[in-house]
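# Structure for this input, please:
(one chain, ligands or ions: 1)
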Amino acid sequence: MRPRSIRARLTLWYTSLLTVTVLLLGGVAYWLLEYSLAHDVDTALQGIAQVLAERPAASGAPLVSADIDALFRRFFGLSPWGRYVERWRPGDDQALGGPAPRTGQLPLSTTALRRVAQGLPTLETVEGLGQYPVRVLTRPVFAGGRITNLLQVGMSLESVSMARRRFLLAMAAVLPLALLLASGGGWLLARRALQPVDRMTEAARRISAEQLSARLETTGTNDELERLAATLNDMLSRLDAAFSQVRQFSADASHELQTPLTILKGELEVALRAPRSPEEYQRVLASALEECEQLASLVDGLLLLARADAGVLRMERQPVDLAHLVEEVGAQVRMLAEAHALTLYCEPVESLIIQGDYAHLRRLVLNLVDNSLKYTPPGGRVTLTVQRQDTWAALRVTDTGIGLSPEEQAHIFQRFYRAANTQAQEAGGAGLGLCIAHSIAQAHGGYIQVESAPGRGSTFTVFLPQPP
Ligand code: ADP
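Numbering: from 1, shown residues only. Below you'll find the predicted structure:
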């Protein structure tokens, strides 16, 4: 089964890798040990054989073991065995290369005998001569350039077997202990390294929608976990801001809807309290209708913004002549402008076609012109122009009104924002007009720019992309 904690998985991986590494290293060390021991034995045998071959032989009799002992001690520092040394002298009737003769305890293989006949030495490992295998060197003895004799030197591999066994025993004892220590240490290290993750999980669990101002603790170590905490904190900040915005929006929207509803309810209650003349009923109904229209427009605006936020604002894409649009809006508001004692001027232009939604663009321009009329004192002037500017169509609404401070300009596209001046408060707008205009421009791939100064009027320019 797959362990569920990272700590357990890390430890398991770590221990498995360590086991494989240690086993590999042990294998290599074992092989090296085996190789060097075997090499030492062979070298020693060759050395001894050389010395013996150069000694005058006592007519084929086995050599005295004391001599051999001394030789072994000289080459090895110890004497493992002196027994397996012999010299065999082929008789006149037994030519070299014939069947293997046995004059001593060492066996002579046909291969070795054949090789001796060719003047070559042979090294073999022979089993069955005792408790341990014996390494046997068979070599020819030369005299006067001829093969005159055959020499066999044997050596028990006891010390090699013992060394090998000791090595394996040491490995078997040390390996589990080392693995135990390493896995214990790995477990503790992983626990230490992952402790901040546990703390972060706990802290994240405590943070809810109502408590988004809380942040994860950072340690200043600038490691991966620190960066994770910083990223999560950034995300929390953004969520916090988004939640506050939504809360503010709901509060503002409820407030804006509540005001006309309260007025409507009050007027209707008063009208119903006593019998009224038909004129009075008419006046009350007309006022109720006005409040209903305001409510409908507010709800309509909120719906448009909600759709724009969700990216589902439906836009027709058809050719729209901005010159014609400006003329139509001008004609629609001319009476209103005159009622405010304002001059409305639509600069005549040739047609300027863009792709867009006529109804939405009309709403955008109406919102801008409506603001200019609201925030320009009597005697002022509102101008509408349309112009081509590189790949953009620029639609401008300029007024000689009260203007906006840089501080106000930074907020006018926010929902429900109204400037603190008396004109803005008295105008009774909900503070959604510019926000809607901005959303419509954005949905067309455009944007709105404002240039204004308090007391010097304002210019709102809508930039809409124009296909080449
Ligand atoms: P409102 O419905 O209040 O007009 P808007 O979103 O259209 O809402 O405008 C937001 C605020 O921007 C207004 O309350 C007003 O203070 C300011 N504003 C908008 N247009 C103009 C303008 N042409 N001149 C001066 N102030 C303006």
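# for stretch 293-309, what is the average pLDDT?
For stretch 293-309, mean pLDDT is 88.
# Report the distance from it to the chain centre.
Distance of stretch 293-309 from its chain centroid, counting by Cα atoms, centre = their mean, to the nearest Å, is 41 Å.
# Kindly export that stretch (C-alpha atoms) in PDB.
Taking C-alpha atoms only, stretch 293-309 is exported to PDB below (Å, rounded to 0.1, in the frame of the first residue of the first chain):
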ATOM      1  CA  GLU A 293     -38.500  53.600 -13.800                       C
ATOM      2  CA  GLN A 294     -35.500  54.500 -11.700                       C
ATOM      3  CA  LEU A 295     -35.600  51.100 -10.000                       C
ATOM      4  CA  ALA A 296     -35.900  49.300 -13.400                       C
ATOM      5  CA  SER A 297     -32.900  51.300 -14.800                       C
ATOM      6  CA  LEU A 298     -30.900  50.500 -11.700                       C
ATOM      7  CA  VAL A 299     -31.600  46.800 -11.900                       C
ATOM      8  CA  ASP A 300     -30.900  46.800 -15.600                       C
ATOM      9  CA  GLY A 301     -27.500  48.500 -14.900                       C
ATOM     10  CA  LEU A 302     -26.700  46.000 -12.200                       C
ATOM     11  CA  LEU A 303     -27.600  43.100 -14.500                       C
ATOM     12  CA  LEU A 304     -25.400  44.500 -17.300                       C
ATOM     13  CA  LEU A 305     -22.500  44.800 -15.000                       C
ATOM     14  CA  ALA A 306     -23.000  41.300 -13.600                       C
ATOM     15  CA  ARG A 307     -23.000  39.900 -17.100                       C
ATOM     16  CA  ALA A 308     -19.900  41.900 -18.000                       C
ATOM     17  CA  ASP A 309     -18.200  40.500 -14.900                       C
END
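# Residues contacting it, please?
The list of residues contacting stretch 293-309 from outside it, by Cβ atoms under 8 Å, 6 or more residues apart in numbering, reads 253, 256-257, 260-261, 264, 313-314, 415, 430, 432-433, 435-436, 439-440, 442-443. Every C-beta, even on glycine, is put in place using the N, C-alpha and C of the backbone.
# burial count for whatever residue of the stretch 1-150 of the chain ends up closest to the ligand?
Per Cβ to the nearest ligand atom, Ile6 is where the stretch 1-150 of the chain lies closest to the ligand, at 52.3 Å. As a burial measure, Ile6 scores 12 neighbours (other Cβ atoms under 10 Å).
# Now do it, the pLDDT please.
pLDDT, read off for Ile6, is 84.
# cool, and Gly98?
pLDDT, read off for Gly98, is 37.
# Going forward, the N-terminal residue is numbered 293.
All set: I'll call the first residue 293, so the last point we hit is now Gly390.
# Return the residues in contact with the residue of the stretch 293-442 of the chain closest to the ligand.
482, 486, 489.
# Select from the residues you listed the one having the most neighbours.
Counting by other Cβ under 10 Å, top hit in the contacts of Ile298: Ala482 with 19 neighbours.
# Could I get the pLDDT score of the nearest residue to Leu524 once chain neighbours are set aside?
Leaving aside its sequence neighbours, Leu524 sits nearest to Leu508 (Cβ to Cβ, 6 or more residues apart in numbering; 5.5 Å). The model reports Leu508 with a pLDDT of 83.
# For Leu508, grab the count of nearby residues.
Neighbours around Leu508, by other Cβ under 10 Å: 20.
# Contacts only, for it.
492, 495-496, 521, 524-525, 528.
# how about the residues of the stretch 643-760 of the chain that lie near the ligand?
Where the stretch 643-760 of the chain comes near the ligand, counting by Cβ under 6 Å from any ligand atom, the residues are 659, 663-664, 667, 691, 693-696, 704, 709-711, 716, 719, 721-727, 750.
# Remind me what the strand or helix carrying Ile740 packs against, helices and strands.
Element membership of Ile740, judged by DSSP states H and E, is strand 739-744. On a contact count with 3 or more Cβ pairs under 8 Å, 6 or more residues apart in numbering; DSSP states H and E, strand 739-744 meets helix 725-735, strand 750-757.
# Same list, these, but as TSV with distance to Val576 please.
Shown next, in TSV, are the helices and strands packed on strand 739-744 (distance: least, Cβ to Cβ, whole Å):
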stretch	distance to Val576
helix 725-735	28
strand 750-757	38
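# now for the ones you listed, which one comes closest to Ile645?
strand 750-757 (10.8 Å; Cβ to Cβ).
# before we move on, back to that, mean pLDDT added to the helices and strands packed on strand 739-744, as CSV?
Formatted as CSV, the helices and strands packed on strand 739-744 follow (pLDDT from 0 to 100):
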stretch, mean pLDDT
helix 725-735, 93
strand 750-757, 96
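# Nearest to Gln681, out of the ones you listed?
strand 750-757 (7.4 Å).
# ok so, going back, can you turn the buried part of the contacts of stretch 585-601 into a ChimeraX selection?
To isolate the buried ones among those in ChimeraX, judged by 16 or more other Cβ atoms under 10 Å, type:
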select :545,548,549,552,556,605,707,722,724,725,727,728,731,732,735
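# quick one: secondary structure of the residue nearest to Leu524?
coil (DSSP: H, G, I helix; E, B strand; the rest coil).
# What's the separation between it and the ligand?
38 Å (Cβ to the nearest ligand atom, to the nearest Å).
# which residues in this protein form helices?
Ranges of helices within the chain are 298-346, 357-368, 402-409, 450-498, 516-565, 570-602, 614-631, 650-666, 698-701, 714-719, 725-735, based on DSSP state H.
# Tabulate the ones you listed in CSV, adding columns for distance to Gln758.
CSV is the format used below for the helices of the chain (distance: least, Cβ to Cβ, whole Å):
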stretch, distance to Gln758
helix 298-346, 56
helix 357-368, 100
helix 402-409, 99
helix 450-498, 49
helix 516-565, 33
helix 570-602, 22
helix 614-631, 9
helix 650-666, 13
helix 698-701, 26
helix 714-719, 33
helix 725-735, 13
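# Lowest average pLDDT across those helices?
Mean pLDDT is lowest for helix 357-368 among the helices of the chain, at a mean of 62.
# Can you report how many residues lie near Leu421?
Neighbours around Leu421, by other Cβ under 10 Å: 17.
# Ala629 too?
Neighbours around Ala629, by other Cβ under 10 Å: 20.
# show me what contacts it?
635-636, 665, 674.
# Name the member of these that has the highest neighbour count.
Neighbour-wise, these (other Cβ under 10 Å) top out at Val674, 25 neighbours.
# Just flag the most distant two among the contacts of Ala629.
Maximum pairwise distance in these, criterion Cβ to Cβ, is 11.0 Å, between Thr635 and Leu665.
# joint contacts of these two?
Here Thr635 and Leu665 have 629, 674 as joint contacts, going by Cβ under 8 Å, 6+ apart.
# Which residue does the stretch 393-542 of the chain have closest to the ligand?
For the stretch 393-542 of the chain, Cβ to the nearest ligand atom, closest residue to the ligand: Phe541, 14.0 Å.
# Contacts only, for that residue.
Neighbour list for Phe541: 707-708 [criterion: Cβ under 8 Å, 6+ apart].
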